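Engineer: Here's a sequence, model it:
(chains A, B, C, D, E and F)
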6 protein chains.
Amino acid sequence: MPYVNIRVAGTLSKDQKSNICKGVTEVIAREAGKPPEAILIFIDEVPHENIAKAGNLLTPPK
Amino acid sequence: MPYVNIRVAGTLSKDQKSNICKGVTEVIAREAGKPPEAILIFIDEVPHENIAKAGNLLTPPK
Amino acid sequence: MPYVNIRVAGTLSKDQKSNICKGVTEVIAREAGKPPEAILIFIDEVPHENIAKAGNLLTPPK
Amino acid sequence: MPYVNIRVAGTLSKDQKSNICKGVTEVIAREAGKPPEAILIFIDEVPHENIAKAGNLLTPPK
Amino acid sequence: MPYVNIRVAGTLSKDQKSNICKGVTEVIAREAGKPPEAILIFIDEVPHENIAKAGNLLTPPK
Amino acid sequence: MPYVNIRVAGTLSKDQKSNICKGVTEVIAREAGKPPEAILIFIDEVPHENIAKAGNLLTPPK
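Structural biologist: Prediction:
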């Protein structure tokens, strides 16, 4: 029952989400020997200003 | 100090959230022997297209 | 596809875990209208000294 | 590679987020002996009605 | 700064962890257009009896 | 009711955990205007080989 949480800065298109979920599911199923049906993925799209690295908030790309 | 995070696809009404939090708090307080006041619950309402099972994004119910 | 994460201080017996998971699944299935089979719960048993309230680490019960 | 997730009820101003991230990064870098550049912080601003204490949903301040 | 958390039932070998992290990083870098160096992955190996599906604790494979 | 989760590679001494929790609580209480008693922190000490950056597992310091 693998659970995967992917948190990214900004937004993704539906195609990007779909491709990421397909690819990540395939990798985990193959490498961990888990059935794909058991793999649950949640993607969180987080505003840049809610993420910090080295103490500085990220800024969105222009 | 139990912390509970509940992540669901789509949205819940305020009544649903209230009933879930009451019920889950009661179960954990009773079974784990923790005071209800110490139980903190966060509910995340996640868009269907941000969740995947078996590599496929969920689709909202029609 | 609800995902639930329950984090408690200290350890639980297998019976406590089982009862918590049965009860929490029942509450969420009933109140959120989700099929029980779709509900995935992860319990984290966290050492008291890794949890703080008001800035003070918890101490295990004697 | 410390990862920090801060979940608060309601919203924060950009200045509050910035000050929190600076301060938390400084504390962890100093006390845990980690380079600030390695510290990644995600802030989640969660609606009051999605958080419960003692089984009761929070209400926003008036 | 993508952050990924992968939670699996039971344990993984170091090779499995390595292959999963390489593969997942590659997928996210390619599909989300993020630099691999920015991708941080945490794997949690969770005992079967701490995970429940449909209200029933998992049992380890024999 | 701020909830904070701090995930670090390797282990921390009890003094380090205590100092981190005191400092982080103080920062969030001051900057977010939350009462310290409401701030709950969980620290996760994660083995180096369960964390990856740029697709490579971390190695513990020698």
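Engineer: and stretch A:55-62, average pLDDT?
Structural biologist: Stretch A:55-62 shows a mean pLDDT of 91.
Engineer: which of the residues in it are buried?
Structural biologist: By neighbour count with 16 or more other Cβ atoms under 10 Å in any protein chain shown, stretch A:55-62 contains the buried residues A:55, A:57-58. C-beta coordinates here come from the backbone N, C-alpha and C atoms, glycine included.
Engineer: Check whether it comes near chain D.
Structural biologist: Yes - using Cβ under 8 Å from any Cβ of the partner chain, stretch A:55-62 comes into contact with chain D via A:55-57.
Engineer: Among those, which one lies nearest to F:Ile39?
Structural biologist: Proximity to F:Ile39 was ranked across those by Cβ to Cβ; first place goes to A:Gly55, at 19.3 Å.
Engineer: Phi first, then psi, for that closest one.
Structural biologist: phi 90, psi 0 (degrees, to the nearest 10).
Engineer: Check A:Asn5 too.
Structural biologist: Main-chain torsions, A:Asn5, degrees, to the nearest 10: phi -120, psi 120.
Engineer: With adjacent residues omitted, what lies nearest to it?
Structural biologist: E:Asn5 (4.5 Å; Cβ to Cβ, 6 or more residues apart in numbering or on different chains).
Engineer: May I see the buried residues of stretch A:55-62 organised as CSV, with distance to E:Ile41 added?
Structural biologist: Below are the buried residues of stretch A:55-62 laid out as CSV (distance: Cβ to Cβ, whole Å):
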residue, distance to E:Ile41
A:Gly55, 22
A:Leu57, 23
A:Leu58, 19
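Engineer: and the gap between the residue nearest to A:Asn5 and D:Thr59?
Structural biologist: 31 Å (Cβ to Cβ, to the nearest Å).
Engineer: And A:Pro60, by the same measure?
Structural biologist: A:Pro60 is 33 Å from D:Thr59, by Cβ to Cβ.
Engineer: For chain A, which residues are neighbours of chain E?
Structural biologist: Counting by Cβ under 8 Å from any Cβ, chain A sits next to chain E at A:1-9, A:12, A:16, A:19-20, A:23-24, A:27-28, A:30-32, A:34, A:51, A:53, A:58.
Engineer: Now the buried members of those.
Structural biologist: A:1-9, A:12, A:16, A:19-20, A:23-24, A:27-28, A:31-32, A:34, A:51, A:53, A:58.
Engineer: touching chain B at all, the helix or strand harbouring A:Glu26?
Structural biologist: Taking DSSP states H and E as the definition, A:Glu26 sits inside helix A:14-32. Yes - using Cβ under 8 Å from any Cβ, we find that helix A:14-32 touches chain B at A:14, A:17-18, A:21-22, A:24-26.
Engineer: Including distance to C:Asp44 and pLDDT, could the residues you listed go into JSON lines?
Structural biologist: Shown next, in JSON lines, are these (distance: Cβ to Cβ, whole Å; pLDDT from 0 to 100):
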{"residue": "A:Lys14", "distance to C:Asp44": "32", "pLDDT": "98"}
{"residue": "A:Lys17", "distance to C:Asp44": "27", "pLDDT": "98"}
{"residue": "A:Ser18", "distance to C:Asp44": "30", "pLDDT": "98"}
{"residue": "A:Cys21", "distance to C:Asp44": "24", "pLDDT": "98"}
{"residue": "A:Lys22", "distance to C:Asp44": "29", "pLDDT": "98"}
{"residue": "A:Val24", "distance to C:Asp44": "22", "pLDDT": "98"}
{"residue": "A:Thr25", "distance to C:Asp44": "24", "pLDDT": "98"}
{"residue": "A:Glu26", "distance to C:Asp44": "27", "pLDDT": "98"}
